[in-house]
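Visitor: Have a look at this prediction, sequence included:
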Amino acid sequence: MDSNLSEYLFYFSLPVLTIWHLIVFGSIFILYRLALQLLWPYFLSPLRGIPGPPILHPILGQFPTLLHGVCGFLQRSWANRYGSVVRFVGPFGVERVVFLSPQALHKILVSDWQEYPKPNFVRNILGVSAGWGLLTETGDVHRQMRRALNPAFSITSLAEQTDMYYEPTYGLVELFKAGIEAESIPSQGKVFHTYTWLSKATLDIICLAAFGYRTDSLHNPDNELADAYHNLVNIQSLPNLAIFSVFMSIPGFVPLMRSKWTTARLYLLKNVKLLAPIAIALESVDRIKRVSAQMFREKMADTEAAASDADSKRDILSRLVRMRMSNASKGDQLSDEAMMEQVITFLGAGHETTATGLAWNLWLLASHPEIQAKLRAEVGPIVEQNPCPDFRTLRQMEYLDSVVMESLRIMPPVPMTLRRCVKDDYIDNVWIPKGTMLYIPIRIVNTFKEVWGDDAEQFRPERWAELPKNYNPTFSFLSFLAGPHSCIDRTMAVAEMKAVLSVLISNFEFEPAYAGQVIRPTAAITMKPADNLPLRIRLVRQSPS
Ligand code: HEM
C-alpha cells in the first residue's frame, strides 16, 4: 500500500471506522456473548447431563429461589432428590456443581486442592472485606504462608490465651444483668438482640487474642475498630453479595478500587446506590488497616515483642513478631505488609464466625430447654468454683463439647464455600471441564441423612457421645472445612465458644423472645440471624423453678 494512502486511512478513516465499528461490533459481540451464555446451560454445556433442578428463569436461573430460601435448605432438597452429584444454574447461565461423596470432597479439598482454588471473584470479595492473606492466597504462596503462621496457632499457644476470653465475656454478663435488673419486673427477664451483643463481645475477644488490643466495643461503640467492623458486618446480605460478585468479576475493578485515587474518593462512591456496599467495605477495611498498622508498628518497635504487657505477649501478633525475630535468618518469613494483612484476616475470619456460632447455639438451647438444663447442670458447678475455666477444664466438660459440636453441625456459621476447577478433570466419574464452579455444601454434608440418620436435622447433642457408624471424621462434619485451606484456628474457635457459653449458661436462662418465634438465617459469607436474634434472658437464680 502506498504510504500516502495509509496515512490518509490512519488520519481520516480510522476515527470514523472506530466509532462505528465500536458501536456495531461491540453491540453484536455483547449480544452474541449474552445469547451464548443464556443458551449455554440449556443446549451446549457439557454439564447439562448431570441431574439437577430445572432452570427456573432464563436469565436468573435458580437465583430468585435461592435468594428467598433458607441457606442450604434448597440445595439439601436437591441432594435428597437428585443424588450425590447435582448441577444447578445461577444468574446468566453460570452453572454450579455440588459433590457430596467423601471421595469427591477429598479430591477437591485435600489431595488435589491446588487444582481447585477459590474462584477469583470470591478471593476478591474476601480480600476487600477481610484482607489479602491466608483466605485469599492459593497454591505455593498459601502453603508457605500457612507454614510460617502455623506455630502461632499451636495448641500450646492457644491454651495460653484462654483467659483472654473472659474479660469480654464477663463484660457481657454485667451488661445483661444490668439490663434485666433495670426492668420493672426483673424476674421476667428482658429481651436482648443477642447476636448484636455477641458480635461486640467476640470482636473484643479476637482483638485481645490477635493483637493484645482492648477494643471494649461492649461499652464503647465509638471505638474506631468496633465502628468499622459494625459497618462491615451490617452490609452483609445476599443481595449485596450478588452486587459484590458481579463487580468483583470485572477485570481491573479490584485494582481500581484499591488504588489511592479511589480510596480518597470513597465518599463519592457511597452515594452511588449500586456501589455503596463496596465503598463501605473498602472504607471500613481502610480504617481497620490504619488501626492495625499502628498496633503493628508498636509491636515491632518493642523488640521484646511487647514484654511490658502480659496480655500482648500471648497474642497472635506478638507470637508472630517473636517467631520472626528468632528465625531472622531462615526462610518462610512474612514481610511487614504480609503480616499486617494476615492479622486483618484473623480479625475478619474470627470475629463474625464465632459470634454467629454462639448466637445459633443460644437459639438451639433456648428452643430446647431440657438440653439447656442438662448443660447448666454440667457447667454451673464448675464455673461457680472457677469463674474462668482454663483450656483443659473446658476440654473436660463433655456435654458442653457435644452441645457446641452439635450446634456447629446443624447451624454452621460458614454454610457453604466455592471452588473452581483449573483444569479438565473427572470427579466421581463425572467429567468436569476447566472453569467449572463447585459449590462445597458444608451445611448439607453436616446434615446428610445417609451419615447422620433420619434425625440428622434435629439438635441432639447426645449423638456426639456415640457417633454413627458411617461417620467420617474429616468429611461428615465440614464446619471448619478440610485440607490445606481448613480453618487455621478451629481449636481457638471451639474453646472460645465453650468459654463464653459455659459462663452465659451458668448465669442466665435463655428462652425464645415470643411464642412461635421463627429464626431467619441470612447467608452472605457467614450465616447470621437476619433479625439479630432477639431472645428473652433471665437471671438463673431468679427464674421460676
Ligand atoms: C466458629 C468459628 C469459625 C468457623 C465456623 C470457621 C470456619 C472456617 C471455614 C469454613 C474456613 C474455610 C473457608 C474456605 O476455604 O472457603 C475457614 C478458614 C479460615 N479461618 Fe476460620 N472459622 C472460625 C473461626 C476462626 C477464627 C477464630 C479464626 C482466627 C484467626 C479463623 C481464621 C481462619 C483463617 C485464617 C482461615 C483461612 C485458612 C486457609 O485458607 O489456610 N477462623 N474458617
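Guide: Structure received. Source: prediction; values computed, not measured. Numbers count the residues shown, from 1 in each chain.
Visitor: Compute the distance between residue 119 and residue 181, please.
Guide: 51 Å (CB to CB, to the nearest Å). Backbone N, C-alpha and C define where each C-beta goes, glycine included.
Visitor: between those two, which one's more packed in?
Guide: Set residue 119 next to residue 181 and count neighbours by other CB atoms under 10 Å: residue 119 wins out with 19 against 11.
Visitor: what residues are up against the more buried one?
Guide: 418, 419, 420, 437 (CB atoms under 8 Å, 6 or more residues apart in numbering).
Visitor: Cross these against helices and list the overlap.
Guide: Residues of the contacts of residue 119 located in helices (DSSP state H): none.
Visitor: want to throw the residues you listed into JSON lines with pLDDT, distance to residue 525 and neighbour count?
Guide: Below are those laid out as JSON lines (pLDDT from 0 to 100; distance: CB to CB, whole Å; neighbours: other CB atoms under 10 Å):
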{"residue": "418", "pLDDT": "94", "distance to residue 525": "11", "neighbour count": "16"}
{"residue": "419", "pLDDT": "97", "distance to residue 525": "15", "neighbour count": "21"}
{"residue": "420", "pLDDT": "96", "distance to residue 525": "17", "neighbour count": "18"}
{"residue": "437", "pLDDT": "93", "distance to residue 525": "16", "neighbour count": "16"}
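Visitor: could I get those as a markdown table with distance to the ligand?
Guide: Output for the contacts of residue 119, formatted as a markdown table (distance: CB to the nearest ligand atom, whole Å):
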| residue | distance to the ligand |
| --- | --- |
| 418 | 7 |
| 419 | 8 |
| 420 | 12 |
| 437 | 13 |
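Visitor: can you redo those residues as a markdown table with distance to residue 93?
Guide: Output for these, formatted as a markdown table (distance: CB to CB, whole Å):
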| residue | distance to residue 93 |
| --- | --- |
| 418 | 17 |
| 419 | 19 |
| 420 | 16 |
| 437 | 12 |
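Visitor: Which of those sits closest to residue 292?
Guide: The closest of the contacts of residue 119 to residue 292 turns out to be residue 418 (CB to CB; 27.3 Å).
Visitor: Could you give the bridge partners of that closest one?
Guide: residue 439 (DSSP bridges).
Visitor: That one touches residue 439, doesn't it?
Guide: Yes - between residue 418 and residue 439 there is a contact at 6.2 Å, judged by CB atoms under 8 Å.
Visitor: any residues in contact with both of those two?
Guide: Common neighbours of residue 418 and residue 439 (CB under 8 Å, 6+ apart) are residue 96.
Visitor: who's in contact with residue 51?
Guide: 82, 83, 85, 86, 87.
Visitor: and if we set it to 7 Å?
Guide: Residues in contact with residue 51, defined by CB atoms under 7 Å, 6 or more residues apart in numbering, are 82, 83, 86.
Visitor: how about the residues of the stretch 301-450 of the chain near the ligand?
Guide: 345, 346, 349, 350, 353, 354, 357, 413, 414, 417 (CB under 6 Å from any ligand atom).
Visitor: what's the burial count for the spatially closest residue to residue 443 that is not a sequence neighbour?
Guide: Excluding the flanking residues, the one nearest residue 443 by CB to CB, 6 or more residues apart in numbering is residue 72, at 3.4 Å. Counted with other CB under 10 Å, residues neighbouring residue 72 total 23.
Visitor: you'd agree residue 72 is up against residue 445?
Guide: No - counting by CB atoms under 7 Å, residue 72 sits too far from residue 445 to count as a contact (9.8 Å).
Visitor: where in this protein is pLDDT low?
Guide: 1-17, 36, 302-313, 326-333, 542-545 (pLDDT under 70).
Visitor: Report the separation between residue 401 and residue 117.
Guide: Counting by CB to CB - residue 401 and residue 117 are separated by 33 Å.
Visitor: typo on my end, residue 230
Guide: 31 Å.
Visitor: Likewise for residue 411?
Guide: Residue 411 is 27 Å from residue 117, by CB to CB.
Visitor: Of the two, which one has the most company?
Guide: residue 411 (26 against 20).
Visitor: Check the gap between the more buried one and residue 47 for me.
Guide: Residue 411 is 31 Å from residue 47, by CB to CB.
Visitor: Equivalent analysis for residue 201, please.
Guide: Distance from residue 201 to residue 47, by CB to CB: 45 Å.
Visitor: Residue 207 now?
Guide: Plainly put, residue 207 is 44 Å away from residue 47 if you go by CB to CB.
Visitor: What of residue 296?
Guide: 46 Å.
Visitor: Which strand or helix spans residue 200?
Guide: helix 194-211 (DSSP states H and E).
Visitor: who does that helix touch, helix- and strand-wise?
Guide: helix 166-181, helix 224-234, helix 316-326, helix 336-366, helix 490-507 (3 or more CB pairs under 7 Å, 6 or more residues apart in numbering; DSSP states H and E).
Visitor: List the residues that contact residue 499.
Guide: Contacts of residue 499 (CB under 7 Å, 6+ apart): 162, 165, 166, 169, 389, 394.
Visitor: who wins for most neighbours among these?
Guide: In terms of neighbours by other CB under 10 Å, the contacts of residue 499 top out with residue 165 at 28 neighbours.
Visitor: That one and residue 496 touch, don't they?
Guide: Yes - Residue 165 is within contact range of residue 496, at 5.3 Å (criterion: CB under 7 Å).
Visitor: Overlap in contacts, the two.
Guide: With CB under 7 Å, 6+ apart, residue 165 and residue 496 have common neighbours residue 205.
Visitor: what secondary structure does whichever residue of the stretch 101-250 of the chain sits closest to the ligand sit in?
Guide: Per CB to the nearest ligand atom, residue 134 is where the stretch 101-250 of the chain lies closest to the ligand, at 4.2 Å. Following DSSP: H, G, I helix; E, B strand; the rest coil, residue 134 is assigned to coil.
Visitor: how near is it to residue 417?
Guide: In terms of CB to CB, residue 134 sits 14 Å off from residue 417.
Visitor: Between these two, which is the more surrounded one?
Guide: Relative neighbour count places residue 134 above the other of residue 134 and residue 417, with 22 against 17, counting by other CB under 10 Å.
Visitor: my read: the more buried one touches residue 147, true?
Guide: No - with contact defined as CB under 7 Å, residue 134 does not reach residue 147; the gap is 11.1 Å.
Visitor: among the contacts of residue 51, who's most crowded?
Guide: residue 86 (23 neighbours).
Visitor: packing partners for the helix or strand containing it?
Guide: Following DSSP H and E, one finds residue 86 within strand 85-89. Here strand 85-89 touches helix 73-82, strand 95-99, going by 3+ CB pairs under 7 Å, 6+ apart.
Visitor: buried residues in the first one?
Guide: It stands for helix 73-82. The neighbour-count check on helix 73-82 (16 or more other CB atoms under 10 Å) flags 73, 74, 75, 76, 78, 79, 82 as buried.
Visitor: Report the two of those separated the most.
Guide: 73 and 82 (14.9 Å).
Visitor: Residue 220 - how many residues pack around it?
Guide: 13.
Visitor: Give the helix, strand or coil label for the nearest residue to residue 163 once chain neighbours are set aside.
Guide: Counting by CB to CB, 6+ apart, residue 388 is the residue found nearest to residue 163 once chain neighbours are left out, at 5.7 Å. On the three-state scheme (three-state DSSP), residue 388 is labelled coil.
Visitor: right, and residue 388 touches residue 164 too?
Guide: No - with contact defined as CB under 7 Å, residue 388 does not reach residue 164; the gap is 9.9 Å.
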